[in-house]
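In: I would like to see how this sequence folds:
(chains A and B)
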Amino acid sequence: MSYEGKDLPASSGKGGCVEKAEVLSPLGTYTEKMPPNAVEKVIFERRSIRAFKKEPLPDSMIRRILEAGRFAPSAGNSQPWKFVVVNNPEIIGELEEDAKRMARLLMWFIDPTRTAMRRKFLTPFTRAIIRMRPNELHPVPFSLIKLIADGKAPVFHGAPTLILLLEDRRGVSCPPLDIGICGQNMVLAAHSMGAGTCWLGMIKLCMYYPKWRKFFGVKYPYHLNDCLAVGWQKGKLDGVVKREVQLVNWYDRGSRTPRVERQGE
Amino acid sequence: MAYLKFSDMFIVPDYTDPSQMVSGVLDFDDEKCVRCRLCTTICPARSIAMDNAVKGKKKPLPHLQDIVEGVSGCVACGCCCAACPEGAISVTGGFYATRYYTRLHQARELSFPMMY
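Out: Numbers count the residues shown, from 1 in each chain, chains lettered A, B, ... in the order given. I've put the predicted structure just below:
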């Protein structure tokens, strides 16, 4: 099977999905143009899930997902991660409210679009502040924080369970990178078992509250940058989509100048 | 030769200007869409809306709604395409910010996973 020309998602069963007795290539082999194998299928059909059923995954399944994270590679095998499972909807509800409050506070200070006066005078300050924190205030999270502050978008998407990925700053080389690798192992394991996950960096909003840092034990040497929402998908939301063609520089045998290849075409 | 213009290293785009913040573009298939509104709830940017039906006419197609004029907030993530039970949605244009956030090594085209 190929994904070409597939505007159809997994859920429709009309294509783009391997559920209806479609052939998966066996693991451990590669032949050109072969259909995806099980691992590739999980990778290509994974979507971030933002609609969950209320009922959480069974504890044993959560432990199975954590196991995939435990075996992730890390620099010097330092495993600079600490897992915290929040399986309590009341706590998550409080986190949601507090994240919203922090979003509103932040937007009060930097959103120039609220009034005409602000638009006139605040805009240069906003642009300067964005430039000082270009990753956290990139247009995408900026709009999301505004949506959250306006009550138009949820923070934790009603997830029944959060897996907090605490980063040990004393880890070898680049601990935040190792957290990503560990978390993605968990994401792929979860999706391979039919569950849904979503990376939530908005947990950072809650880390501005000393009370939450104390509650979860996020103090030296730990940071909390990201967490995973995990749960049963509300519907069949995984499926294959398009993505930007990537430009890759290839240094071929016998050549010292790279040629640019369009990855995905 | 630097990747970014010197001025772009210091200047962020105006988030409210559609010429500096190109939103994603979606195509909704009139025949396939059953007006279930699932896309409006799935979109992480809350960019898709579907107006109510005008009496006597067919329910309108969902559409991207602007946050400020010309900027919809769509980042072409494809979640709506994957979630649509009828496969009625496709992404026809990607999301591009400019100046400091200029995309350097992705093309304008989008493609499905290629089985090399």
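In: Contacts only, for the residue in chain B that chain A sits nearest to.
Out: Residue of chain B nearest chain A, by Cβ to the nearest Cβ: residue B:78 (2.9 Å). In this view, the C-beta of every residue, glycine as well, is placed from N, C-alpha and C. The contact partners of residue B:78, taken as Cβ atoms under 8 Å, 6 or more residues apart in numbering or on different chains, are A:47, A:241, A:242, A:243, B:91.
In: count of neighbours near the closest residue to residue B:66 other than its chain neighbours?
Out: Nearest non-adjacent residue to residue B:66, counting by Cβ to Cβ, 6 or more residues apart in numbering or on different chains: residue B:72, 5.3 Å away. Under the neighbour criterion other Cβ atoms under 10 Å in any protein chain shown, residue B:72 is assigned a count of 24.
In: How are the strands of the chain distributed by residue range?
Out: With no chain named, the answer covers chain A. A:81-86, A:161-168, A:195-200, A:222-232, A:243-250, A:259-263 (DSSP state E).
In: was after chain B, sorry
Out: With DSSP E as the criterion, chain B has strands spanning B:21-22, B:25-28, B:48-49, B:63-64, B:89-93, B:96-97, B:106-111.
In: could I get the ones you listed as CSV with mean neighbour count, distance to residue A:265 and mean pLDDT?
Out: Below are the strands of chain B laid out as CSV (neighbours: other Cβ atoms under 10 Å in any protein chain shown; distance: least, Cβ to Cβ, whole Å; pLDDT from 0 to 100):
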stretch, mean neighbour count, distance to residue A:265, mean pLDDT
strand B:21-22, 22, 21, 93
strand B:25-28, 18, 20, 95
strand B:48-49, 20, 28, 96
strand B:63-64, 17, 26, 95
strand B:89-93, 19, 16, 93
strand B:96-97, 19, 18, 92
strand B:106-111, 16, 6, 92
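In: can I get these in TSV with distance to chain A?
Out: Putting the strands of chain B into TSV (distance: least, Cβ to the nearest Cβ, whole Å) gives the following:
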stretch	distance to chain A
strand B:21-22	6
strand B:25-28	9
strand B:48-49	11
strand B:63-64	13
strand B:89-93	5
strand B:96-97	5
strand B:106-111	4
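In: Could you name the stretch from those strands that's closest to residue A:29?
Out: strand B:106-111 (24.7 Å; Cβ to Cβ).
In: Stretch A:158-173 - what's its average pLDDT?
Out: The pLDDT scores in stretch A:158-173 average 97.
In: just how off-centre is stretch B:96-106 within its chain?
Out: 16 Å (Cα atoms, centre = their mean, to the nearest Å).
In: Distance-wise, check residue B:59 relative to residue B:53.
Out: 4 Å (Cβ to Cβ, to the nearest Å).
In: Show me which of the two is the more surrounded one.
Out: The neighbour comparison of residue B:59 against residue B:53 (other Cβ under 10 Å) goes to residue B:59, with 14 against 11.
In: Please name the residues that touch that one.
Out: Residue B:59 touches B:35, B:50, B:52, B:53, counting by Cβ under 8 Å, 6+ apart.
In: Which pLDDT does the model give the first one?
Out: Reading off the confidence values, residue B:35 has pLDDT 94.
In: swap in the second one?
Out: As summarised for this prediction, residue B:50 has a pLDDT of 94.
In: Residue B:36 is in contact with that one, correct?
Out: No - using Cβ atoms under 8 Å, residue B:50 is not in contact with residue B:36, being 9.3 Å away.
In: Those two - which one has more neighbours?
Out: Taking other Cβ under 10 Å, residue B:50 and residue B:36 do not tie; residue B:50 has more neighbours (18 against 14).
In: picking up where we left off before, what two of the contacts of residue B:59 are the furthest from one another?
Out: That would be B:35 and B:52, which, of the contacts of residue B:59, are the farthest apart (Cβ to Cβ) at 10.4 Å.
In: Quick check: closest non-adjacent residue to the closest residue to chain B within the stretch 51-200 of chain A.
Out: For the stretch 51-200 of chain A, the residue closest to chain B is residue A:130, as judged by Cβ to the nearest Cβ, at 4.8 Å. The shortest distance from residue A:130 to any non-neighbouring residue, by Cβ to Cβ, 6+ apart, is to residue A:137 (4.3 Å).
In: How about residue A:49?
Out: Closest to residue A:49 by Cβ to Cβ, 6+ apart is residue A:196, at 3.0 Å.
In: What residues are bridge-paired with that neighbour?
Out: residue A:231 (DSSP bridges).
In: so it sits right up against residue A:52, yeah?
Out: Yes - the pair residue A:196 / residue A:52 is scored as a contact, 6.5 Å apart, by Cβ under 8 Å.
In: can you give me the helices for chain B?
Out: B:38-42, B:79-83 (DSSP state H).
In: Pick the most deeply packed of the ones you listed.
Out: helix B:79-83 (a mean of 27; mean count of other Cβ atoms under 10 Å in any protein chain shown).
In: Now do the same contact list for the most centrally placed residue in chain B.
Out: Geometric centre of chain B, nearest residue: residue B:24, 2.6 Å, by Cα atoms, centre = their mean. Contact analysis of residue B:24 by Cβ under 8 Å, 6+ apart lists B:64, B:72, B:74, B:75, B:76, B:77, B:91, B:93, B:94, B:95.
In: Now with 7 Å, please.
Out: B:74, B:75, B:76, B:91, B:93, B:94, B:95 (Cβ atoms under 7 Å, 6 or more residues apart in numbering or on different chains).
In: Mind listing the shared neighbours of residue A:196 and residue A:52?
Out: A:231, A:232, A:233.
In: out of the residues you listed, who has the most neighbours?
Out: For the shared contacts of residue A:196 and residue A:52, neighbours tallied by other Cβ under 10 Å; top is residue A:231, 25 neighbours.
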